[in-house]
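Engineer: A structural model of the following input is requested.
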Amino acid sequence: MKHKKILILIFIALGSALAFNACEEKNDYNYNLIEPIVMSINGPGEIAAHGLTAYPTTYTVPHRGGSTFAWSAKNANNVAATIMVDAVYPSRAYITFPQSSVLTTGTISVVETTAGGLVSPVKERTITLTPFCPYNMDALVGNWTGTGSAVSNPVVATKTANLNELKLRTLAGFISSSWGETWTVGDGSCVVEFSCGNNLTIRRQKIGETDYPDVYEMDGSGTYNTTAGTLTLTFKVYYTGGSTTNITTTLSKSTTAKLFEQFKLKK
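Structural biologist: Numbers count the residues shown, from 1 in each chain. The predicted structure is shown next:
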């Protein structure tokens, strides 16, 4: 029994020594063996050149503990972008390119330096900068009166979290007022984007579901008459198996809503 106890103690001592050596090997990790390569710059390939630092765009590269990352960015005219590097994860940056009213490009560059002092080759990515012309959305919020048979007045405009966007409610009011359907998901609201040249765009989007039951989508385009203060929109509403013909309405800002006169649109 005594010999067995001695053997057990020897094995325990050997195990402890191996574990200690393994820890020492981990602590002696050689950072100079890391070959730094920034494989990709992740983020949107097309953004608006709005120049507003309150609305930056996030870009990231693969993170490596202990490394630092040097970010730079400029537009096609070599004007530097504004960059804020994340304080916790320097592999993440918030970038704002200078404002531009014409289509242009931007270049983002990143260099990684490891904890061992090795520096990676420069990684670059070119992105598209779409034109941006600022519009005062605050002045457009409120009730609007629309022409035509499709609109339920008032058309209520609210801001979204994005620049140059309005959310319009009851633009396709005929779905409930004329077709007699009730919204079960959503309320028929659509988002309208404002762009340079006073152009309006309704990208294809889901506007809700009804108890028919049916699912509705909408798209369209239009113009903003800054002199008259009106929005003219032409749009289509899509449902299962078909769509309406083009519907056109001109919206005028109103302080009091007109009573809606029902017009029977047939599906």
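Engineer: which one is N246 nearest to, not counting chain neighbours?
Structural biologist: T234 (5.3 Å; Cβ to Cβ, 6 or more residues apart in numbering). The C-beta positions use only the backbone N, C-alpha and C, and glycine is treated the same way.
Engineer: what helix or strand is the nearest residue to F69 once chain neighbours are set aside on?
Structural biologist: Spatial nearest neighbour of F69, excluding adjacent residues (Cβ to Cβ, 6+ apart): P90 at 4.7 Å. Secondary structure assignment for P90, by DSSP states H and E: no helix or strand.
Engineer: same deal with the one 5 residues further on?
Structural biologist: Following DSSP H and E, the helix or strand that holds I95 is strand 92-96.
Engineer: Now do that strand: everything it contacts.
Structural biologist: 50-53, 55-60, 63, 69, 71, 73, 81-86, 108 (Cβ atoms under 8 Å, 6 or more residues apart in numbering).
Engineer: partners of the strand or helix carrying I47 in the sheet?
Structural biologist: Element membership for I47 (DSSP H and E) is strand 46-48. Partners of strand 46-48 in the sheet, by DSSP bridges, are strand 123-130 (parallel).
Engineer: Check which element follows the partner strand along the chain.
Structural biologist: Next element after strand 123-130 (DSSP H and E): strand 142-146.
Engineer: now for that following strand, which elements pack on it?
Structural biologist: strand 155-159, strand 247-253 (3 or more Cβ pairs under 8 Å, 6 or more residues apart in numbering; DSSP states H and E).
Engineer: ok, back up a step: can you tell me which of the contacts of strand 92-96 are in strands?
Structural biologist: T57, T58, Y59, T60, F69, W71, A73, T82, I83, M84, V85, I108 (DSSP state E).
Engineer: got these as TSV, with neighbour count and distance to S149 columns?
Structural biologist: Output for these, formatted as TSV (neighbours: other Cβ atoms under 10 Å; distance: Cβ to Cβ, whole Å):
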residue	neighbour count	distance to S149
T57	19	41
T58	12	44
Y59	22	47
T60	16	49
F69	23	57
W71	21	54
A73	23	50
T82	14	48
I83	16	51
M84	13	50
V85	15	54
I108	23	49
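Engineer: Please identify which of these is nearest to Y238.
Structural biologist: Taking Cβ to Cβ as the measure, Y238 lies nearest T57 of the ones in strands among the contacts of strand 92-96, at 30.8 Å.
Engineer: mind listing what the closest one touches?
Structural biologist: T57 makes contact with G43, P44, I47, Y94, I95, T96, according to Cβ under 8 Å, 6+ apart.
Engineer: In the sheet, which residues pair with it? Tell me.
Structural biologist: Here T57, judged by DSSP bridges, has bridge partners I95.
Engineer: surely L231 meets Y224?
Structural biologist: Yes. L231 is within contact range of Y224, at 5.6 Å (criterion: Cβ atoms under 8 Å).
Engineer: Need the overlap of contacts for these two.
Structural biologist: Common neighbours of L231 and Y224 (Cβ under 8 Å, 6+ apart) are L200.
Engineer: okay, those two: which has more neighbours?
Structural biologist: L231 (25 against 20; other Cβ atoms under 10 Å).
Engineer: can you confirm the more buried one is in a strand?
Structural biologist: Yes. Per DSSP: H, G, I helix; E, B strand; the rest coil, L231 lies within a strand segment.
Engineer: Next, V215: phi, psi?
Structural biologist: phi -120, psi 140 (degrees, to the nearest 10).
Engineer: Grab the nearest non-local neighbour of it.
Structural biologist: E209 (5.1 Å).
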